[in-house]
Every structure is written in C-alpha cells, then in structure tokens.
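Asker: got a sequence here, can you build the structure:
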Amino acid sequence: MTNNILARAVLVPAILALGACAGTNTIRTSQNTAIVQASAAPVCGGIGAARVAQKQAAIETIKAGYDRYVIVGAAAADNVHVAQMPGSYQTTGVVNGGYLNATTTYRPGPTMVYGSHDQNFGIRMFHDGEPGASNAISARQTLGDKWQEMVKAGSVRTCTS
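Answerer: Prediction:
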C-alpha cells in the first residue's frame, strides 16, 4: 500500500510535467537585443532545450517587429538528477522438522528523475535590408509554416514541436 502511494506521488507529477515540458522567459535588454531563457524537462535533453530557445528567439524577434536574428551569446546547464526511492523487503518461510527455510526478496522503489535542461541565448534582432541582416536567421523560417500561430501563442511549451 505504501509503495502504491509513493509511486503515485512520484509518477503523477512526472506525467503532468510532460504535458508542459518546457518554459521560456525573455528579457529585453535594448530596442533590438534580448536574452531568451528556456528550461526543458529531463526527457527533452539539452538539444530539446536549445530547440525551445531557438524557437522562442524567433517568436520574440517577430513580436518585437523584426524579421531576423543572430545569436550573439549562449549558455547551457544540465540540472537533471536521478534518485532511487526506497524499496521494500518481503520474507516468506516454511518450518519443516524444526528448521526454518526462508527467502527474502527485495523490491526496489521507483526511480525519480527531476530537474531541467536550461539554455540561454543572447540575440540581436534585425529588420530585412538592415546592415548585418543578410547574415541573420529568418525568424519566420525558423518557426515554419505555422509561425503565425506560434507568435500568437507567445511562447514555446514543448520541446517536441
């Protein structure tokens, strides 16, 4: 019974976290620069966090009225941890001729994975035709065909799309 409660206490938050496995924050540092912060669930990996930050940089570029961006700085962190929850022992035995023959079985507890992969980008935004724009990345191309929907949503919530 205790193991079921413990398993639910570990699994339910993990399942809920996968529904919204990423979060972002953007800090405007000037008219045409920003810092994009992304945090992704352990299942996303560092690549997923970078993908989220890249898409968020494109969204912020369009929201700010620009067309293109350049990543001018980046930082990443892996804050993922794994913990083994306590297990349980079960002993069964048979008494035969005054002797006890017993077997003890250990059942490990659930494994808990928690933390996040984090990615930060410093971006410089450009209008089409502006000096330096020819070397910048197209925000609309980065987001793909559904760029308008993504900009309207305002932030990236999953590392898979």
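Asker: which residues does the most centrally placed residue in the chain contact?
Answerer: Nearest residue to the geometric centre of the chain (Cα atoms, centre = their mean): Ala40, 1.2 Å. Neighbouring residues of Ala40 by Cβ atoms under 8 Å, 6 or more residues apart in numbering: Cys21, Ala22, Gly48, Ala49, Val52, Ser116, His117, Asp118, Gln119, Cys159. Every residue, glycine included, has its C-beta placed from N, CA and C.
Asker: how near is it to Asn25?
Answerer: According to Cβ to Cβ, to the nearest Å, Ala40 and Asn25 sit 13 Å apart.
Asker: same question for Ile59.
Answerer: 12 Å.
Asker: compare those two (neighbour count), which wins?
Answerer: Higher neighbour count among Ile59 and Asn25: Ile59, with 24 against 12, using other Cβ atoms under 10 Å.
Asker: so that one is in contact with Gly154, correct?
Answerer: Yes. Between Ile59 and Gly154 there is a contact under Cβ atoms under 8 Å: 6.9 Å.
Asker: distance of the residue in the chain sticking out farthest from the centre from Thr103?
Answerer: The centre of the chain is farthest from one residue, Gly97, which by Cα atoms, centre = their mean lies 60.4 Å away. Going from Gly97 to Thr103 by Cβ to Cβ gives 18 Å.
Asker: again, but for Asn32
Answerer: 71 Å.
Asker: quick one, which of the two is more surrounded?
Answerer: In this view Asn32 and Thr103 are compared by other Cβ under 10 Å, and Asn32 has more residues nearby, 17 against 9.
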